[in-house]
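Colleague: pasting the sequence and the predicted model now:
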Amino acid sequence: MIGDTTEKERTIFDHTGNSIKTEDREIRILAKYEAPLVVVLGNVLSDEECDELIKHSREQLQRSKVGGDHAVNPIRTSSGVFCEQNETVVRIEKRFSQIMNIPIEHGDGLQVLMYTPGQEYQPHHDFFAETSRASANNRISTLVMYLNDVEEGGKTTFPMLNISVIPNKGMAVYFEYFYNNQELNDFTLHAGTPVIKGEKWIATMWMRRQALRLP
Ligand SMILES: O=C(O)CCC(=O)C(=O)O
Ligand SMILES: [Fe+2]
């Protein structure tokens, strides 16, 4: 056990057993790190859903590159888009909300990120620093979905926990950082390591403490 927590802290993700039955799919719980909670999930999206998200986002990415803001962020070198709401996105967001056990109105919206060789997301926390204005309604949990198999590289790593998750199409990694013990939250530091070969496509869902949208 990390830190000096004597009592087990409450977690948002309260699924037990080896699967989560959402309205339209049975998700497999494949591996768990207990504190902070990091869960590897299988069968989250079908191949067709992954392909569709990539196809739509590729088109959006191409459009957003024309006349868009080209600000370069050395921490995150991938390109990303927030998915436009369509039937598939709405269905997938609903499923994610059931997995994450938080109403969808608390979500930032589904973001698709694409990395090419050399691109990465350096170690970071998904919650905002206490000094930032966004921390008034801070993020509390994350679901990262792998939309394709990466030929080489592009793992999601948690350097303080010594965990590496290998991207596999249709699988996901979930983690949360809403503990009373800030040390546990800090341990969710994570990174997307540089892609070496091929493309890496992910869809990320971040949840906030309070709703951002109307139901
Ligand atoms: O690319 C990854 O594996 C990690 C992505 C990530 O940290 C995020 O989207 O917040
Ligand atoms: Fe992240």
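Modeller: Nice, thanks for sending it over. Numbering: from 1, shown residues only. Ligands and ions are numbered 1, 2, ... in the order given.
Colleague: close to ligand 1: what parts of this protein are there?
Modeller: Residues of the chain lying near ligand 1 by Cβ under 6 Å from any ligand atom: 113, 121, 126, 142, 144, 156, 190, 192, 202, 204. Bear in mind the C-beta positions are built from the backbone N, C-alpha and C, glycine included.
Colleague: which one among these gets closest to ligand 1?
Modeller: G192 (2.5 Å; Cβ to the nearest ligand atom).
Colleague: how many other residues sit next to that closest one?
Modeller: 25 (other Cβ atoms under 10 Å).
Colleague: now do the contacts for it.
Modeller: 78, 113, 115, 120-121, 154-156, 200, 202 (Cβ atoms under 8 Å, 6 or more residues apart in numbering).
Colleague: circling back to that earlier point, can you select the buried ones among the residues of the chain next to ligand 1 for me in ChimeraX?
Modeller: What follows is the ChimeraX syntax selecting those of the residues of the chain next to ligand 1 that are buried according to 16 or more other Cβ atoms under 10 Å:
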select :113,121,126,142,144,156,190,192,202,204
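Colleague: mind putting the residues of the chain next to ligand 1 into CSV with pLDDT?
Modeller: Putting these into CSV (pLDDT from 0 to 100) gives the following:
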residue, pLDDT
L113, 93
Y121, 94
D126, 96
T142, 98
V144, 98
T156, 98
H190, 98
G192, 97
I202, 97
T204, 96
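Colleague: partners of the residue nearest to the spatial centre of the chain in the sheet?
Modeller: For the chain, V144 is the residue whose C-alpha lies nearest the centre (Cα atoms, centre = their mean; 2.5 Å). Beta bridges link V144 to V173, T204, judged by DSSP bridges.
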